[in-house]
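> Have a look at this fold, sequence not included:
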């Protein structure tokens, strides 16, 4: 396990961290730039700015037109993309290894000479607003999930969506973007991860050449801690949907906690595939269309305390109240007895197999190293993942279930279906 994620770490004078992992089996590599710029670092008034900047980074530079960056990479046989999370924004290219210098030069160039003007800003802002509408307003449960997070969190910035509130997106200015870019896209706020057919010394020389003149910035951002929840929060969300649904959110610790592995084990036991308890109890006999307990596994588990989400989509003719009661009974049964011995082995094997299959990809190995470095200031913590899965115990899973999966720690949204006519009185979903 350790040898698969045994990066070499270098730190430039300007604070830029570089992780390099050699793997010469194929003439390919994954080049990734991880930036501490996610919704966690935003504030009311500029929510969504991190994701907007993911778009802005492809709008061109002093010598590259819109999307030309991507076209150059693709013309050399590469794949290029980016994504934004609560905790970071990641830009990546998977390319033939002989294109390393090109990728380094292009990535550094757009950091230094990104085209930030009114035309690019307003164009991409409207693209993001349209994306938000597609993801949230026009989907059955997108807006209800937003309400779930904003109800579960009172203070922490995880309470707003990564894509931002539409009211904030409408009011964002080019000046907001310029300041956000200056502070967050600084070398001391970034990690570069390179995995694959690469010579570390050559790669480091190229990075020093192209990134070494970037200026570090002081970026202090106070994160408001979330107070403990002191009782269930419950709300009803009305919308014209074909199937009504239940959404529960339980507060759980951040990625540096050992409790996340028993929690992932519980998710696997209750809803991991067709042999899981929820599928056998609810889906197979036709009591529900779907019931799942979900969380993002490492490295995507959030840095700060996050939410474990349970959702249940009705089967017509089965009352939601009845389904909700039976789900509570199933969770209580798990707390009482935990997983059976054969279930525990299946859980461990499935979690380990999924992680090991992912590690076959240079891209995923770069994500693990880079994201752990961003979230915990050290990729070495990732060496423990496989061992934690292997050492899962039934008693640990029972203990964390009792600790987190209880009513006082739960936020609930009930999605109720209404007619199109009735929906008009609520107005549009932004």
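All right, it came through fine. Because the structure is a prediction, the values reported are computed rather than measured.
> how near is the closest residue to residue 376 other than its chain neighbours to residue 381?
Leaving aside its chain neighbours, residue 376 sits nearest to residue 256 (5.9 Å; criterion: Cβ to Cβ, 6 or more residues apart in numbering). (Glycine included, C-beta is placed from N, CA and C.) In this view, residue 256 and residue 381 are 7 Å apart by Cβ to Cβ, to the nearest Å.
> Those two: which has the busier surroundings?
Between residue 256 and residue 381, counted using other Cβ atoms under 10 Å, the more crowded position is residue 381 (17 against 12).
> quick one, what contacts that one?
Contact analysis of residue 381 by Cβ atoms under 8 Å, 6 or more residues apart in numbering lists 256, 372.
> Am I right that it falls within a helix?
Yes: counting by DSSP: H, G, I helix; E, B strand; the rest coil, residue 381 is part of a helix.
> quick one: it and residue 387, what's the gap?
Relative to residue 387, and taking Cβ to Cβ, residue 381 is found at 11 Å.
> Which residue ranges make up each domain of this protein?
Using automatic domain parsing, the domain parsing of the chain gives 2-211, 233-426.
> do you know which of those lies nearest residue 226?
Distance to residue 226, taken as Cβ to Cβ, is lowest for domain 2-211 among the domains of the chain, at 4.1 Å.
> Quick check: the gap between residue 111 and residue 192.
Taking Cβ to Cβ, one finds residue 111 at 11 Å from residue 192.
> got any residues that touch both of these two?
Residues touching both residue 111 and residue 192 (Cβ under 8 Å, 6+ apart): residue 211.
> More neighbours: which of the two?
residue 192 (27 against 21).
> Quick check: phi and psi at that one.
Reported as degrees, to the nearest 10, the phi and psi values for residue 192 are phi -100, psi 130.
> what's the answer for residue 153, then?
Note on residue 153: backbone dihedrals following degrees, to the nearest 10 are phi -100, psi 130.
> Number of residues surrounding the nearest residue to it once chain neighbours are set aside?
Nearest non-adjacent residue to residue 153, counting by Cβ to Cβ, 6+ apart: residue 159, 3.4 Å away. The local packing of residue 159 (other Cβ under 10 Å) involves 18 other residues.
> Check residue 75 too.
Residue 75 is flanked by 8 other residues according to other Cβ under 10 Å.
> Would you mind measuring from it to residue 97?
Taking Cβ to Cβ as the measure, residue 75 and residue 97 are separated by 17 Å.
> try residue 326
54 Å.
> Ok, residue 60 next?
27 Å.
> who has more neighbours, these two?
Per other Cβ under 10 Å, whichever of residue 60 and residue 97 has more neighbours is residue 60, with 19 against 15.
> where's that one relative to residue 104, distance?
Separation of residue 60 from residue 104 (Cβ to Cβ): 19 Å.
> Could you do residue 97 as well?
Applying Cβ to Cβ, the value for residue 97 to residue 104 is 12 Å.
> surely residue 87 meets residue 374?
Yes: taking contacts as Cβ atoms under 8 Å, residue 87 lies within contact range of residue 374: 6.8 Å.
> Common neighbours of those two, please.
Common contacts of residue 87 and residue 374 (Cβ under 8 Å, 6+ apart): residue 36.
> Which parts of this protein are strands?
8-11, 17-22, 28-35, 79-84, 89-96, 190-196, 233-239, 245-252, 288-294, 306-314, 410-417 (DSSP state E).
> Look up the pLDDT of residue 221 for me, please.
On pLDDT, residue 221 comes in at 79.
> List the contacts of it.
residue 41.
> again, 10 Å this time
Residue 221 makes contacts with 36, 40-43, 157, 183-184, as judged by Cβ atoms under 10 Å, 6 or more residues apart in numbering.
> Just the buried residues of stretch 388-400, please?
388-389, 392, 394, 396-398, 400 (16 or more other Cβ atoms under 10 Å).
> In helices, which of those residues appear?
Counting by DSSP state H, the buried residues of stretch 388-400 place 388-389, 394, 396-398, 400 in helices.
> where do the helices sit along the stretch 251-400 of the chain?
Under the criterion DSSP state H, counting those that start in this stretch, helices of the stretch 251-400 of the chain are mapped to 260-271, 277-278, 320-337, 341-359, 362-376, 385-390, 394-404.
> got a list of what the closest residue to residue 146 other than its chain neighbours touches?
Counting by Cβ to Cβ, 6+ apart, residue 161 is the residue found nearest to residue 146 once chain neighbours are left out, at 5.3 Å. Contacts here follow Cβ under 10 Å, 6+ apart; on that basis residue 161 touches 39, 47-48, 51, 86, 132, 135-136, 142-143, 145-146, 149-150.
> Can you pick out the most distant pair from the residues you listed?
86 and 143, at 18.5 Å, using Cβ to Cβ across these.
> Residue 231 is in contact with residue 412, isn't it?
No: between residue 231 and residue 412 there is no contact under Cβ atoms under 10 Å: 11.5 Å.
> what about the residue nearest to residue 11 when sequence neighbours are not counted, how many residues close to it?
Distances taken as Cβ to Cβ, 6+ apart put residue 17 closest to residue 11, at 5.5 Å, once the chain neighbours are dropped. Residues lying near residue 17 (other Cβ under 10 Å) number 21.
> per-residue confidence for the residue nearest to the spatial centre of the chain?
Residue closest to the mean C-alpha point of the chain, counted by Cα atoms, centre = their mean, is residue 85 at 4.4 Å. pLDDT for residue 85: 98.
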